[in-house]
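Visitor: Quick one: sequence plus predicted model below, questions after.
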Amino acid sequence: MLSFAKLSGSGNDFILIANMDRAIHPSAAPSLAKTLCRRGFSVGADGLILLEPATLAEAHFAWRFFNADGSEAEMCGNGGRCAARFAYVKGIAPAQMVFETGAGLVRAEVMGERVKLEMTPPRDLTLDRKLALAEKQIFYSFVNTGVPHVVVEVNDIDKAPLKELGPQIRFHPQFSPAGTNVNFVALDGERIFIRTYERGVEDETLACGTGACAAALVLGAKGQVSSPVEVVTRGGEILRVYFSLDAHGPKEVFLEGIARFIYQGKLFPEALSGLSL
Ligand SMILES: N[C@@H](CCC[C@H](N)C(=O)O)C(=O)O
């Protein structure tokens, strides 16, 4: 029976499987993700993470990350924190580790339940662009923190038009063909409040690590926050983002927060029926 663990990275929840023997064939992974992440019918999660042998000498393992809809993404901040905690607890990597992602090498440090990640170098920062939507124009900023993120500033986070505008921005031709994640952010004192519409989940999630980093970099570049900054997620947990910027743009970004084991178990064969692993 296939063993798995369920972890939560500040409300962003993931199924983790050590696939170090490559028992799961690469072509089976997208449908496995779609099946296992479906809430109500299986374990349920925002994504599936497979830990596999590293291909580079400096890395302790490589990962493959899949969204709940089966699409593969290059990076996931909260998933990265959960993968690091899982790898440490399962003896796959030491507390200070390096792993391979589709976006590049990620360094992580596990400190009990807390995990700090050095994210891949942020790129493509643009500030305050206009975007024409169906019935209005909005201003947005953009940065790729391993995956693409639009950041829209709002006054009241509870009234952010996430349901209405999230899908419109996510599928806007401007961001085609990759699409984008969409974050609504509001500053309250020195803290950023954030809500994210996630690509591949196609809904709001309770937290998004790469989104929190994007928000910190955008508001940092506009001089509205300084490093480190606390980002309050929709689930209520706080992510801490450390960043540096120079005249050319963002240089580096670190994400820190809790990554919690929820449970572990074995999947009954009937939970995998119809799949050929
Ligand atoms: N929740 C993640 C981001 C996961 C990938 C994203 N949905 C995408 O497809 O770009 C995070 O914590 O960063």
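Guide: Received, thanks.
Visitor: how about the helices in the stretch 151-277 of the chain?
Guide: Using DSSP state H, counting those that start in this stretch, the helices found in the stretch 151-277 of the chain span residues 162-170, 209-221.
Visitor: and the ones you listed as JSON lines, adding mean neighbour count, mean pLDDT and distance to residue 19?
Guide: Yep, even glycine has a C-beta here, placed from its N, CA and C like the rest. Output for the helices of the stretch 151-277 of the chain, formatted as JSON lines (neighbours: other Cβ atoms under 10 Å; pLDDT from 0 to 100; distance: least, Cβ to Cβ, whole Å):
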{"stretch": "helix 162-170", "mean neighbour count": "18", "mean pLDDT": "97", "distance to residue 19": "29"}
{"stretch": "helix 209-221", "mean neighbour count": "28", "mean pLDDT": "98", "distance to residue 19": "22"}
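Visitor: Dump the ones you listed into CSV; add distance to residue 141 as well.
Guide: Shown next, in CSV, are these (distance: least, Cβ to Cβ, whole Å):
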stretch, distance to residue 141
helix 162-170, 12
helix 209-221, 4
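Visitor: Which one, of those, ends up nearest to residue 118?
Guide: helix 209-221 (10.9 Å; Cβ to Cβ).
Visitor: C-alpha coordinates for the closest one, CSV please?
Guide: The C-alpha coordinates for helix 209-221 follow below in CSV (Å, rounded to 0.1, in the frame of the first residue of the first chain):
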residue,chain,number,x,y,z
GLY,A,209,4.1,31.2,0.1
THR,A,210,5.3,32.4,-3.3
GLY,A,211,2.4,34.9,-3.2
ALA,A,212,3.5,36.2,0.2
CYS,A,213,7.0,36.7,-1.2
ALA,A,214,5.5,38.5,-4.3
ALA,A,215,3.5,40.8,-2.1
ALA,A,216,6.6,41.6,0.1
LEU,A,217,8.7,42.3,-3.0
VAL,A,218,6.1,44.5,-4.7
LEU,A,219,5.3,46.6,-1.6
GLY,A,220,9.1,46.6,-0.7
ALA,A,221,10.0,48.0,-4.2
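Visitor: And the ligand, is that helix touching that?
Guide: Yes. Helix 209-221 lies within reach of the ligand by Cβ under 6 Å from any ligand atom, at 209, 210.
Visitor: just how off-centre is that helix within its chain?
Guide: 13 Å (Cα atoms, centre = their mean, to the nearest Å).
Visitor: Over to stretch 131-138?
Guide: Worked out by Cα atoms, centre = their mean, stretch 131-138 lies 27 Å from the chain centre.
Visitor: if we look at that stretch, which residues are touching it?
Guide: Contacts to stretch 131-138, defined as Cβ atoms under 8 Å, 6 or more residues apart in numbering, come from residues 130, 139, 140, 152, 165, 168, 169, 172, 174.
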